[in-house]
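S.K.: Here is the input, now give the coordinates:
(3 chains, ligands or ions: 4)
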Amino acid sequence: MKRRKRERNENGFEDWGGYMNAKKAKLSEQFKVESAKAGLKVDDLFKGVKIFVNGYTDPSADELRILMMQHGGEYHHYYRTGNTTHVIATNLPDSKLSQTRTSITVKPEWIVKSIEANKLLNYKDYLLVTGRTISQPPLLFTKQQSNKSPTKLPMKNTADDHFIDEFYANSRLHHISTMGATFKEYINQLRSNDRHAFPGRDHLSNQYPPSSGKMLATKLIMHIDMDCFFVSVGLRDKPHLVGKPVAVTHSKSGAGNARDGVNLLQEIESYRNRLGYGPSGSSAWSESKFSTTASMAEIASCSYEARKCGIKNGMFVGQALKLCPQLQFIHYDFDAYKQVSYQLYDSVARYTLDIEAVSCDEMYVDLTNLFQAIDLAPMKFAAILRKEILEKTGCNSSVGFGSNKLIARLATKKAKPNGQYWIEDDQIELFLNDLPLSELPGVGRSTTHKLKELAIKTCGDLQLLPLQELQKEFGKKHGETLYNACRGKEEKGLVFTHVKKSVSTDVNYGIRLRNDEERDIFLMNLTKETAKRLAAINMKGKCVTLKLMVRSKDAPEESAKYMGHGVCDHITKSVSLLSAISSTDDIYREVQKIIKPLGLDSKELRGVGIQVSRLESNAPVKNRLKDLFAANSKPSTTKDIVQKSPPPIAVEKDGKSTSVTKKSDVNIDKVPHKETSHSKDPKIEQPKTDPEGSSVQESYLLPADLRAMIGKWVEAEETPKRRDQRIILGYLLHLCKAQQIEDVFIILKAFYLYVKRRRKMQADWTQAYQKILESVQASMVAEYGGKLSMEEYRFL
DNA sequence: ATCCTCCCCTAC
DNA sequence: TAAGGTAGGGGAGGAT
Ligand SMILES: Nc1ccn([C@H]2C[C@H](O)[C@@H](COP(=O)(O)OP(=O)(O)OP(=O)(O)O)O2)c(=O)n1
Ligand SMILES: [Mg+2]
Ligand SMILES: [Mg+2]
Ligand SMILES: [Mg+2]
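M.R.: Ligands and ions are numbered 1, 2, ... in the order given. Prediction:
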């Protein structure tokens, strides 16, 4: 078995880290004196200094942010022309280097050493760029100086160590998802700063002081959303394209490419087979059978001129070109989107922090409080705000007002492009009457399709349906939501403080694995990415879920979309854990435990996702910054020991995971909307009986470790939680079925003694033990026709 | 009732 | 060629 070692590093970087570590160690003494609470100001060392961190640095951007906060400086999430005083960077790619000529770019040691010296050192001694050369360390990628562009290489193999990074670097959906999370967190962070200033609000309250006693009668919610966001950002330096139909996409030429194994018509049929209706615009793209090479690249965003032809975000390029042959394409610029997003959020944050972040280009704002401090008409405020955003970003936005989020959002839609609209309560009924149902947030393809069968197309139509009817069709809550939404009613307030509940990494593109070995390499890489994301937010989780997409039996060998997933069956399986995990090894073990018994053909995999949920905070008291400065004194061995603690216990639901002959162990998507197609599940490779016999068992916990964990559990937990009891029982049943009766006996005995040893004999613990014992006995009878003799080990 | 897992749906 | 991610709400149906 080959172990892949970290394969760094081609640019002489390690020495640098060592140097920084030494510096930081020296600072540790002083740092200890400082408040442990990050964010509390200690001095004004960096007063007037406003930094923007560009690229990888050590200390990290986040650590520099905290340092600036502690020493009276300012931290900018993006470069603010005429405001940011210093760019902090260690190395910059060629592309970004040019920008730095117009600004002061300084190495991070300037900050570290200044803190160390307890005085502001001259930044000129720490410039990254001196004249035309980079001082130290050397620029990355200097080898690639050859004339020919290094692009044009074929797509990386799925199991390539860089496949995941490259995919994510280019995935727009990954970027908007990540940015969405970024801005939810950004609002959390702004709101947690009690010194946050509101210059916009202050200015307005001077200019439009509140007339005494005047209060807003009802809640006022504002929704704001950038117009064709990616396009607007991209067109800022392409004025010749403004006013034309434009789309952001990866497609260069608009042409696709014919490949072996593709069968478009078969694929559409397979899709229809699964969902009961075809892919959107399928007639348009099935016409492309005549021109086999229509591009199936997706359009991320299109200009309003393009929308006049019927083009929509998410549409395939080939289909869009049919609607509008003059459509022009521009490239992605993910860095720019993020910068504009910060400018958008910062603009609104000048007035209020009663903000619910929705995405990188969109948020809800509760203005009820703001308008108690100022006497200004909402529409006037919107004009001021939108003008400010336009001046800062060069992009148009639109604003909607309403008495709840739903109405505000509908108003924004009405206002677009580059407008503002207020739907007051007495206009709601009229506004909704003819509104197509699909315009309601929460009503997507499936719901629209279902309602169309009932001849319901508008909100007005839907209002005629009684609540019970809707609940029968859509379930209790969803039915009620629809019932209210079509009347413009919505109770939900804004969520100002976001709490993350799960972390996942999915790749459903470019998955083409040749064998199980490649599958495991890819799974390991994906697990590493998952662990990295958990570490980044300092979380661990008690549930691991594996999501797989497997080519449907009736789908063509190759998807019509290049490297796409095509039509697939979905398999989801999760493992509950007794204690939370976050390391690559721990997660990978669970992933293996799930995937092995499925017995899938790796060649048929088209998508893989790993999710960690039931999150809890990792190392709640620890302050990473403190570690940073205090580290280095001893190459600590204790860390290694801690990591070697026995793996947490995990079991499949009901512990039935080894009954591999049971079909129910593989969960296959039900075919929605087609009650008639009960006949047979789409066939899937039947799990094969384990060839090596013991490999399944190997991925499980050793009995000794289980015993130890039960000991800890009984000792550490106040009361036995139902979920944990289930997990323990599941594992015992698993041992039972694996014929490890002796182990079951020993563990139960130990469990009994642990409970007995508790200082206070609690009824809930004895009951928990009894319940588990009884369940194990029942299983013993079912499996072997006899019980364990546990007479001495039972509570009465 | 309540919880659990697996799944569907939606949004950007 | 092309980069079809990710998080949350909630329903179905079985177990407790
Ligand atoms: N299917 C989609 C939808 C959106 N996006 C990205 C590109 C969009 O520019 C951005 C914001 O999404 P919006 O729904 O706000 O759409 P736009 O801003 O493009 O247009 P609109 O003016 O309707 O808001 O998210 C995407 O990549 N793929
Ligand atoms: Mg938008
Ligand atoms: Mg695209
Ligand atoms: Mg939006």
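S.K.: what helix or strand is A:Ile299 on?
M.R.: Here A:Ile299 sits within strand A:299-302, counting by DSSP states H and E.
S.K.: ditto for A:Val399
M.R.: With elements delineated by DSSP H and E, A:Val399 resides in strand A:397-402, which encompasses its position.
S.K.: For the stretch 551-700 of chain A, give me the ranges with low pLDDT.
M.R.: With pLDDT under 70 as the threshold, the stretch 551-700 of chain A has low-confidence stretches at A:620-699.
S.K.: Where does it get nearest to ligand 2, residue-wise?
M.R.: Among the residues of the stretch 551-700 of chain A, A:Lys561 lies closest to ligand 2, at 24.8 Å counting by Cβ to the ion. From N, CA and C alone the C-beta is placed, and that goes for glycine too.
S.K.: Now do the contacts for the residue nearest to that residue when sequence neighbours are not counted.
M.R.: Beyond its immediate neighbours in the sequence, the residue positioned closest to A:Lys561 (Cβ to Cβ, 6 or more residues apart in numbering) is A:Met296, lying 4.1 Å away. If you count contacts by Cβ atoms under 8 Å, 6 or more residues apart in numbering, A:Met296 has them with A:256, A:285, A:316-318, A:560-562, A:564.
S.K.: Would you mind giving the residues you listed as CSV with secondary structure added?
M.R.: Formatted as CSV, those follow (DSSP: H, G, I helix; E, B strand; the rest coil):
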residue, secondary structure
A:Gly256, coil
A:Trp285, helix
A:Phe316, strand
A:Val317, helix
A:Gly318, helix
A:Ala560, coil
A:Lys561, coil
A:Tyr562, coil
A:Gly564, coil
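S.K.: since we're on A:Leu370, how many residues are nearby?
M.R.: Residues contacting A:Leu370 under the criterion other Cβ atoms under 10 Å number 23.
S.K.: Please look at it and A:Ala349 and confirm they touch.
M.R.: No: with contact defined as Cβ atoms under 8 Å, A:Leu370 does not count as touching A:Ala349 (11.8 Å).
S.K.: tell me the mean pLDDT for the strand holding A:Val399?
M.R.: Per-region confidence: strand A:397-402 scores 98 on mean pLDDT.
S.K.: helices and strands around that strand, which ones?
M.R.: Taking 3 or more Cβ pairs under 8 Å, 6 or more residues apart in numbering; DSSP states H and E as the contact definition, the neighbouring helices and strands of strand A:397-402 are strand A:221-226, helix A:378-393, helix A:405-415, strand A:420-422.
S.K.: Please find the angle between the direction vectors of that strand and helix A:378-393.
M.R.: Counting by axes from the mean of the first three to the mean of the last three Cα atoms, to 10 degrees, strand A:397-402 lies at 160 degrees to helix A:378-393.
S.K.: what sits against the residue in the stretch 551-700 of chain A that DNA strand C sits nearest to?
M.R.: For the stretch 551-700 of chain A, the residue closest to DNA strand C is A:Gly564, as judged by Cβ to the nearest atom of the strand, at 2.3 Å. Listed by Cβ under 8 Å, 6+ apart, the contact set of A:Gly564 reads A:296, A:509, A:606.
S.K.: now do A:Ser617
M.R.: Shown in contact with A:Ser617 (Cβ under 8 Å, 6+ apart): A:538-540.
S.K.: Select only the buried ones of those in PyMOL?
M.R.: Typed into PyMOL, the next command selects the buried ones out of the contacts of A:Ser617 (criterion: 16 or more other Cβ atoms under 10 Å):
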select buried, chain A and resi 539+540
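S.K.: Name the nearest of the contacts of A:Ser617 relative to A:Met226.
M.R.: Lowest distance from A:Met226 to these (Cβ to Cβ) belongs to A:Met539, with 30.3 Å.
S.K.: hmm, back to that, okay, the contacts of A:Met296 in JSON lines with distance to A:Tyr56 next?
M.R.: Supplementary listing: the contacts of A:Met296 in JSON lines, determined by distance: Cβ to Cβ, whole Å:
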{"residue": "A:Gly256", "distance to A:Tyr56": "37"}
{"residue": "A:Trp285", "distance to A:Tyr56": "42"}
{"residue": "A:Phe316", "distance to A:Tyr56": "36"}
{"residue": "A:Val317", "distance to A:Tyr56": "34"}
{"residue": "A:Gly318", "distance to A:Tyr56": "39"}
{"residue": "A:Ala560", "distance to A:Tyr56": "39"}
{"residue": "A:Lys561", "distance to A:Tyr56": "34"}
{"residue": "A:Tyr562", "distance to A:Tyr56": "32"}
{"residue": "A:Gly564", "distance to A:Tyr56": "32"}
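S.K.: Could you check the pLDDT of the residue nearest to A:Lys561?
M.R.: A:Met296 is assigned a pLDDT of 96 by the prediction.
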